[in-house]
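Novice: here is a sequence together with a model predicted from it:
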Amino acid sequence: QLQLVESGGGLVESGGSLRLSCTVSGVTVDRYAMGWFRQAPGQERERVSCISSSGDGKVYYEDSVRGRFTVSRDKAENTMYLLMNSVTAADTGDYFCATSPSYYCDGTPDSWGQGTQVTVSS
């Protein structure tokens, strides 16, 4: 059974860094595309990054995080990561990892983790 578990959230100062983890079970981390989503207070959930299957090898970033966030995965740990640098208050929110049985980042996720909260203090 596919399961996604996020960790690594917390309180970070503006300008600081944080690394989120998404530990995957039930499927190898590079078999399908996987994404990071966030939901700020009072806002809709948005995708911030996606990494496609190892056979496709593409990475996507939402404009506001491009150049600051880096998505990666470790097959040995079966984990996807999101390294967040130069964070701002606008990065505050609940972060979720998600996937679907699609090799590409245009698929609609149907499996979600429980989320991890990130709070950026100014």
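Specialist: It's in. What you are looking at is a predicted structure, and each value in this text was computed from that prediction instead of being measured. Residues are numbered from 1 along each chain as shown.
Novice: the residue positioned nearest the centre of the chain is in what secondary structure piece?
Specialist: For the chain, the residue sitting closest to the mean C-alpha position, by Cα atoms, centre = their mean, is Trp36 at 2.5 Å. Taking DSSP states H and E as the criterion, Trp36 maps to strand 34-39.
Novice: the residue nearest to the centre of the chain and Glu46 touch, don't they?
Specialist: No - look at Trp36 against Glu46 with Cβ atoms under 8 Å: they stay out of range, at 10.1 Å. For the C-beta atoms, the positions are set from N, CA and C on the backbone; glycine is no exception.
Novice: so which residues of the chain form strands?
Specialist: Secondary structure of the chain (DSSP state E): strands at 3-7, 10-13, 18-25, 34-39, 46-51, 59-61, 69-74, 79-84, 93-99, 111-112, 116-121.
Novice: closest one to Cys105 among these?
Specialist: strand 46-51 (3.8 Å; Cβ to Cβ).
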